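In: I'd like to go over a predicted model; first the sequence, then the structure.
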Amino acid sequence: MLENLGIVDACFSLPKERARASRKLHGKSVLEWVARRATDSQQLDGVIVVTTAEPSNEFVKHVTPLDVPVFVAQAADPLGALAAALEAYPAAHFVRIETACPLFDPVLLDRLVKESRRLAEPADYLGYRSHDGTPAMSTPVGVFGEWVNAKALLETARRVPSAKHRAHPTRYIYEHPERFRVRWIPLPEEIDRDDLRLILSSEDDWEYHQIILETLGPDCDLRTITHLLDRCPSLRYQMAELNRASRIA
């Protein structure tokens with residue numbers, strides 16, 4: 001059994017999610033960017049991509065790097081798909097990685113795993129949280145993963161019928177600290193800010209990513225990206241405005 005498995009969640013249900021994952025950015029599909037950055041982690045014992053048997057998700061196998069296994073679950077929802085993947089690839093814990101942020105930093109994944117080992121008591125969920133208490137996975141910074149006890153996920157898959165929670169496989173766990181051992185660590189101060197946006201949700205986001213990659217190259221990390229933003233107030237302002245508009249919407 002693996003200790004910490006990286007799972008790239010490619011259980012797409014919407015056409016816009018599939019279009020984003022397959023779209024090319026600097027010569028590679030977004031899904032390839034995410035999978036490759038996940039394999040750059042030093043603390044994960046392996047990485048897989050998980051999708052569903054929905055015919056529209058067939059493309060996932062063709063845009064994932066050949067050295068990264070793709071698990072196709074027969075389950076109808078993401079929670080069931082992740083549970084099936086953990087049955088096929090047994091692991092004590094896993095780090096779930098979404099596909100909306102191709103420039104996520106594997107160093108932050110490694111920090112999650114390291115922090116999980118330092119906890120005084122075992123946890124079922126460990127994630128980043130911003131200064132206002134918002135789970136970082138739901139912010140537009142988008143450069144995070146979430147560490148989960150596999151047993152907690154399997155229990156959730158067996159017991160939770162809600163379509164809302166089955167569509168967002170970890171939400172039930174971190175929204176119920178009375179049932180699960182939920183722990184949070186603060187975002188690094190340099191990225192806990194309102195003028196940083198690294199998710200791909202709009203055409204403006206694609207433009208920001210092109211600027212970053214054309215300026216810094218494909219090996220850029222959070223440190224170089226934040227330094228670039230500090231030197232480019234106009235780009236920083238545009239990101240902040242889009243973040244503000246997204247919150248209002």
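Out: Structure's in. What do you need? Numbering: from 1, shown residues only.
In: tell me the pLDDT at the closest residue to residue 239 other than its chain neighbours?
Out: Nearest residue to residue 239, sequence neighbours excluded (CB to CB, 6 or more residues apart in numbering): residue 197, at 4.1 Å. Just so you know, the C-beta spots here come from the backbone N, C-alpha and C atoms, and that holds for glycine as well. Confidence at residue 197, expressed as pLDDT, is 93.
In: For residue 197, give its distance to residue 25.
Out: Going from residue 197 to residue 25 by CB to CB, to the nearest Å gives 15 Å.
In: who touches the residue nearest to residue 239 in this structure?
Out: 140, 141, 142, 205, 208, 239, 240, 242, 243 (CB atoms under 8 Å, 6 or more residues apart in numbering).
In: One more pass at 7 Å, please.
Out: 140, 141, 205, 208, 239, 242, 243 (CB atoms under 7 Å, 6 or more residues apart in numbering).
In: Chain neighbours aside, what residue packs nearest to residue 240?
Out: Among residues not flanking residue 240 along the chain, residue 195 sits closest, at 3.8 Å (CB to CB, 6+ apart).
In: same for the helix or strand of the chain with the lowest mean pLDDT, what does it pack against?
Out: Least confident helix or strand of the chain, by mean pLDDT, DSSP states H and E, is helix 163-167 with a mean of 86. On a contact count with 3 or more CB pairs under 7 Å, 6 or more residues apart in numbering; DSSP states H and E, helix 163-167 meets helix 78-88.
In: quick one: buried residues of the helix it packs on?
Out: 78, 79, 80, 81, 82, 83, 84, 85, 86 (16 or more other CB atoms under 10 Å).
In: same thing with stretch 116-136?
Out: 116, 123, 124, 125, 126, 127, 128, 129, 130, 135, 136.
In: Keep only those of those that are in helices.
Out: Secondary structure from DSSP state H places residue 116 of those in helices.
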